[in-house]
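> Here's a sequence, model it:
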Amino acid sequence: MCVGVGVGVGVGVGVSQIHIFNKQAVGHRLAVSTRAFVYGEQLVYSGPRVAGANATTDGSVVVSFGPIGLEGKGMVLRGGYGFEVRAIDGRWRLAEIVANSSRTVTVVAINKTGLTLPITGVRYGHDDDNSAFVGTGPAVFNGEGLPSTPWNLSVGEPVVQ
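Residues are numbered from 1 along each chain as shown. Here you go, the predicted structure:
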């Protein structure tokens, strides 16, 4: 982790291109982190950061967020897309949100085959085409409109903020 470094992510503002058309959104995200780090303004400068993930006995995974990115208006879900879970066989499967609170999201594999394997990992935002314009936009934002960046975790692995 780099201390005093802000990130202006392009998640959700383009369609699988490095040259996104909504450069204003990324510029705004960079400006917010600059205002916090360089000018010392007390404001939310990051989207929700993942804090950890734990499997439950019913086969779901509870993903925790915060405290960074949730200091202001908390977490807001703008959809249910973007989560995947990895079973013990190593395959990633799409997951859906089945519950959420102000700091957690509970996801479960979309399982059409009836296969029940222990969940060993969870990831978010690993789609090549994450755009609200094509129905695959990111789901996790904070109340200030900043998105959670893509991440990948082993279940039960602690995250250093």
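
> use CA for all of it now, contacts and neighbours both
Noted.

> and the longest strand along the chain, C-alpha only, in PDB?
With DSSP state E applied, the strand covering the greatest number of residues in the chain is identified as strand 92-100. Extracted in PDB, the C-alpha atoms of strand 92-100 (Å, rounded to 0.1, in the frame of the first residue of the first chain):
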ATOM      1  CA  TRP A  92     -15.000 -18.800 -11.000                       C
ATOM      2  CA  ARG A  93     -18.800 -18.600 -11.100                       C
ATOM      3  CA  LEU A  94     -21.100 -15.500 -11.400                       C
ATOM      4  CA  ALA A  95     -22.600 -14.500  -8.100                       C
ATOM      5  CA  GLU A  96     -25.600 -12.500  -7.100                       C
ATOM      6  CA  ILE A  97     -26.200 -10.200  -4.200                       C
ATOM      7  CA  VAL A  98     -28.700 -11.700  -1.800                       C
ATOM      8  CA  ALA A  99     -28.400  -9.200   1.100                       C
ATOM      9  CA  ASN A 100     -26.600  -6.000   2.000                       C
END
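
> What average pLDDT does that strand get?
The average pLDDT for strand 92-100 rounds to 88.

> now what about it, what contacts it?
For strand 92-100, contacts defined as CA atoms under 8 Å, 6 or more residues apart in numbering pick out 80-87, 105-111.

> Could I get the buried residue list for it?
Trp92, Arg93, Leu94, Ala95, Glu96, Ile97, Asn100 (16 or more other CA atoms under 10 Å).

> CSV for those, including distance to Val122?
Formatted as CSV, the buried residues of strand 92-100 follow (distance: CA to CA, whole Å):
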residue, distance to Val122
Trp92, 8
Arg93, 9
Leu94, 10
Ala95, 9
Glu96, 12
Ile97, 12
Asn100, 16
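
> I'd like to know which of those residues is nearest to Glu144.
Of all the buried residues of strand 92-100, Glu144 sits closest to Asn100, with 18.2 Å by CA to CA.

> What segments of this protein are strands?
With strands called from DSSP E, the chain shows them at 50-55, 61-65, 75-77, 83-87, 92-100, 104-109, 119-124, 140-142, 151-154.

> how about those strands, which one is nearest Glu41?
strand 140-142 (18.1 Å).

> can you give me how far that closest one is from the chain middle?
Distance of strand 140-142 from the chain centroid (CA atoms, centre = their mean, to the nearest Å) equals 7 Å.
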